[in-house]
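Engineer: Predicted structure and sequence below. I'll ask about it afterward.
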Amino acid sequence: MAPREGRLVAVVPVRAGSLRCAFKNSRPFAFSTLLQRKLETLRQVEGIDEIVVSSDDPGMLALAERCGVKTHVRPEKFAASNAQITGSDFFEHLALSACEGADYVMYCVCVSPFVSKETFEKAVRMYRLNEGTFDSVATVASEKEFVYFGDVPLNFDPSAAVNSQDLQPVKRLTFGACILSRDLMIQRRHCVGEKPYLYEVSQIEGIDIDTSFDFVASEALLRHAACNGELLSEADADALACAPRKPLLLDCTLRDGGYVNNWNFGMKFAVDAYRAASAVGCDYFETGFRSDEVLFPPKSEFGGWAYVKDDVGKYLKTEVPNGCDLAVMAKFDSFSADDFGPASSSPFKLVRVLFSLYDENKKSLFSKTLFEKCLEECRALKDKGYTVALNLACCEQLTPDVYEYICDTMVHVKARVDETGTVVSAKCCADILYLADTYGALSPEKASEIVRKVRYEFVCVQKYVDVQVGFHAHNNLGDGVAKTMAAIDAGATVVDSTISGLGRGAGNLSTEHLLVALHRKFGTPKYEVLAHLEALMLFRDEHILPFSTFPVNSRLRYGPAPLFEYTAVSGIHPNYADYLMQHHAGLPIRKCIEVLKIVRQTVLSNSTNNFSTETLKLALNKADYMMPSSAASQRVNRDAHVIA
């Protein structure tokens, strides 16, 4: 038998409407969408020559173009639910119009979201290598259920009952992958031939999302079932493999931390903070506020970081030449886009525009008039080439209808297919919609709900597929990590924090805790996390709270401390940290870290992790040998200079 040679086109049909589950192909599905998930899988499959998305939805067509696949604008009559156009009419149209130049077609729907790369490749090989044996390959799910066809038992005899496991299985087409020649698809007006090979897939790969219940159940499976190895075969775990993308990280130690001292930081503090944030992998370092001195006149108590200019950013980039991108915040009503030159000549890449919750009468109410003026400034900044984030203060106080208005107004160019059949993508006034937990009142559940609401409005309603959502947590209730991780799980793509949680009141989410949480979620190597914690501990010791001010809290000797964070990630007994703080509080922080490194090496090699004063003393002696006390005790003098 000769193999089938020729051009194989995978066609993915998605339509804007769905009677049983609204927007099912484009609405947020766990960390992605059904369409994006399908395209990401298909692009990895060997043996496919081209991928085509056929849709009447301009948003989904725009997403397809962004993913680098071909698009086919489906005529309205082939997208509507009406009796005049049958399924056979649709299959014939798809083969004729969407698959021109194809020898073979693989019809695959988004609503079978768990078909793996390996299954696609096996189906392709099966079809190509078996010419003459069968005319098509179609994925099926084998189900042992008591099934009636009309009122006639299909696979069982009611008068001779059997156990369900002994039933003859019923094979259900999943449409996960149906492969046949284009000519046969046109001739039969269907995606399955007359002599198909029924390729049986697992229960999970056979899932087909038709209803809202199916959608919610499948999303829950995607989020949670892969964590339970007892439920899944290795192949099923691969099919479910999908995780949220690791978010971009923004450090706002200077900007949000500035509320504790009116932005009166020394230049050395700023340079060291920038260096530390860059060292631990932050993508942006926010320097402070850009304020117009007419709209927001200088106040004697406010330091220079409340009025950051380009020259300060350029100085920071000179001092830390390999540092991450710089950002600056600008508060609506306190700046003008005219305060910014072109991004091409500025050290700042990101501008976060803060929109506070107050109206024209300074009441804590959302004002559409002020919001639309704010968007004008955002658009002006984008026109200058900046990445723009619109920062919504008090996000928990905004109602669903306000979020609908916000998303609708931000998308100032609506997605559409023009009269020539060209897809016109939606355009937004800002690159990122940033949600700020201003009063620390959000719960993790509410954070997830708001992020999902915003994503739904942008992607499904506004057809804007390039949406990015940011989240800024405060730690008033000690849940900064929990709600930030909930926001990430819901689809947030940018999150921020400050070193040591520096910020007014109870502070912000600390970068230290965020890094550990991301390590647990995304599997960052432990040695890398420990190195990052070390960099932040050194900055904290010099600039925020010297180690010598510990030990911890109160007469009862408990509470948070950097060394406890380090021992936790190292996996060694916390008493090692406690002993150092109680009996060696005068040690430089560098030496404490070195001692704990030696302790970790010792307990790992001895396979014993009980606290031992002997182990600690040996580590102290070894650290003395490695770090002479004269060198170890040196501290860099704090720079008292404050930018003016």
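Structural biologist: Everything's here; your move. Residues are numbered from 1 along each chain as shown.
Engineer: CA only for contacts and neighbour counts going forward, please
Structural biologist: Will do.
Engineer: where along the stretch 151-300 of the chain do the helices fall?
Structural biologist: In the stretch 151-300 of the chain, the segments counted as helices under DSSP state H, counting those that start in this stretch are 182-188, 212-224, 234-240, 267-279.
Engineer: Compare the mean pLDDT across those helices and name the weakest.
Structural biologist: Comparing mean pLDDT across the helices of the stretch 151-300 of the chain, the weakest is helix 234-240, with a mean of 53.
Engineer: Show me the protein divided up by domain.
Structural biologist: Under the assignment automatic domain parsing, the domains of the chain span 8-240, 248-509, 547-632.
Engineer: circling back to that earlier point, tabulate the helices of the stretch 151-300 of the chain (CSV), appending mean neighbour count.
Structural biologist: Output for the helices of the stretch 151-300 of the chain, formatted as CSV (neighbours: other Cα atoms under 10 Å):
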stretch, mean neighbour count
helix 182-188, 18
helix 212-224, 16
helix 234-240, 18
helix 267-279, 21
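Engineer: quick one: which of these is nearest residue 28?
Structural biologist: Distance to residue 28, taken as Cα to Cα, is lowest for helix 212-224 among these, at 9.5 Å.
Engineer: so how far is the closest one from its chain's centroid?
Structural biologist: Mean C-alpha position of helix 212-224 versus that of the full chain (Cα atoms, centre = their mean, to the nearest Å) differs by 18 Å.
Engineer: helix/strand/coil for residue 371?
Structural biologist: With DSSP: H, G, I helix; E, B strand; the rest coil as the basis, residue 371 sits in helix.
Engineer: and if you look at residue 12?
Structural biologist: strand.
Engineer: Correct me if wrong: it contacts residue 109.
Structural biologist: Yes - judged on Cα atoms under 8 Å, residue 12 makes contact with residue 109 at a distance of 5.6 Å.
Engineer: Helices of the stretch 351-500 of the chain, residue ranges please.
Structural biologist: 368-383, 400-410, 444-456, 480-490.
Engineer: would a markdown table of those helices with mean pLDDT be doable?
Structural biologist: Putting the helices of the stretch 351-500 of the chain into a markdown table (pLDDT from 0 to 100) gives the following:
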| stretch | mean pLDDT |
| --- | --- |
| helix 368-383 | 97 |
| helix 400-410 | 97 |
| helix 444-456 | 94 |
| helix 480-490 | 94 |
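Engineer: so which of the ones you listed comes closest to residue 269?
Structural biologist: helix 480-490 (24.5 Å).
Engineer: Can you get me the centre-to-centre distance for that closest one and its chain?
Structural biologist: 10 Å.
Engineer: In PDB, list the C-alpha atoms belonging to it.
Structural biologist: Written as PDB, here are the backbone C-alpha positions of helix 480-490 (Å, rounded to 0.1, in the frame of the first residue of the first chain):
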ATOM      1  CA  GLY A 480      -1.700  39.300  49.400                       C
ATOM      2  CA  VAL A 481      -0.200  36.100  48.000                       C
ATOM      3  CA  ALA A 482      -3.500  34.200  47.900                       C
ATOM      4  CA  LYS A 483      -5.300  36.800  45.900                       C
ATOM      5  CA  THR A 484      -2.400  37.500  43.600                       C
ATOM      6  CA  MET A 485      -2.200  33.800  42.800                       C
ATOM      7  CA  ALA A 486      -6.000  33.600  42.400                       C
ATOM      8  CA  ALA A 487      -5.700  36.500  39.900                       C
ATOM      9  CA  ILE A 488      -3.000  34.700  38.000                       C
ATOM     10  CA  ASP A 489      -5.100  31.500  37.800                       C
ATOM     11  CA  ALA A 490      -7.900  33.600  36.400                       C
END
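Engineer: remind me which residues of the stretch 451-600 of the chain are low pLDDT?
Structural biologist: Low-confidence segments of the stretch 451-600 of the chain (pLDDT under 70): 546-558.
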